[in-house]
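> fold the following.
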Amino acid sequence: MNVQSVERAFRILDAIADRPAGVSEIANRIDLPKSTVSRLMTTLQGIGALDHVEGSSDYRIGSGITDLLGGLDSTARLAAAATPHLDKLSGGLGEASGLSVPDGYRVRYVVQVDTDTPVQVRDWTGSTLPMHVVPSGLVVMAHWPSERIDRYLDRDLEVFTPQTIIKPDDVRDRLQTIREQGIAWGLEEFAEGINSVAAPVSDGSGRIFGSIHVHGPAFRFPPDGRSAAVSDVVRSAARAFSLQRSSDST
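Numbering: from 1, shown residues only. Next up is the predicted model:
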């Protein structure tokens, strides 16, 4: 679609939002030729933005739009629920913390809490990254079925820094260690000068649905001799949030 077509498509969606309607009625509502409206509606239906109302010639807002809005609402609620845990985590460790969720073969950062420190890392909220380059992705990936892990590793894996681990056997060994320890560290593997640590979070059924992480400048994070203590704090925060999610789902 060109810019004009996109603008017209939004006019169609806006016109149909109140109640279902057919092509002729929508064309009258937005003052466009019926042929133009019909063509755009066919495209919108093809991508799930419009659905045909069974037994009539009318169309309504499609499941693709409602699913998207529902997902955004769910993500917003998840971010709001995690923020108190992240506030406590960042307050205790003095570094930025965040919550992320899987997005296919990538991990998406949904919220970040920063601290008032002289050197801060950027806010990654809304960004997506390959699972294998960040601890927040690795702790989720570690709980995938072996077949899915094999499919992921049977591809050309992106390299971000000289520290990025991409050899399939090395990644598998790493995932096994993560399963055993319940924590993952990344030392300048995604961005030079940035270290991070993550632990998985689960819902009431025990399903891993995301991770809580902390990241900071490599020159100060983790503090010397404190990586084990930091791991414990992050694991505890992830466990507390998981228990809350379990309670919310009952």
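
> may I have the beta-bridge partners of the most centrally placed residue in the chain?
Nearest to the geometric centre of the chain sits Arg108, at 2.7 Å (Cα atoms, centre = their mean). Applying DSSP bridges to Arg108 gives these bridge partners: Val101, Thr128.

> can you check the pLDDT for it?
Confidence at Arg108, expressed as pLDDT, is 91.

> what do you get for Pro222?
Looking at Pro222, the pLDDT reads 95.

> check whether Gln112 really touches Ala96, as I assumed.
Yes. At 5.8 Å, Gln112 and Ala96 qualify as touching, with contact defined as Cβ atoms under 8 Å. Where you see a C-beta, it was placed from the backbone N, CA and C, and this is true even at glycine.

> which neighbours do those two share?
The contact sets of Gln112 and Ala96 overlap at Asp123 (Cβ atoms under 8 Å, 6 or more residues apart in numbering).

> can you list the domains in the chain?
Taking automatic domain parsing as the domain assignment, the ranges for the chain are 3-61, 67-248.

> quick check: next helix or strand after the helix or strand where Ser196 lies?
Element membership of Ser196 [criterion: DSSP states H and E] is strand 194-202. Counting by DSSP H and E, the next helix or strand C-terminal to strand 194-202 is strand 208-217.

> all helices of this structure, in order?
For the chain, the helices defined by DSSP state H cover 3-16, 23-30, 34-46, 63-93, 135-141, 146-153, 168-181, 227-248.

> please identify the deepest-packed of these.
Between the helices of the chain, helix 135-141 has the highest mean count of neighbours, a mean of 27, where neighbours are mean count of other Cβ atoms under 10 Å.

> per-residue confidence averaged over that helix?
Here helix 135-141 scores 97 as its mean pLDDT.

> that helix - contacts with which helices or strands?
Packing partners of helix 135-141 (3 or more Cβ pairs under 8 Å, 6 or more residues apart in numbering; DSSP states H and E): strand 96-103, strand 106-113, helix 168-181, strand 184-187, strand 194-202, strand 208-217.
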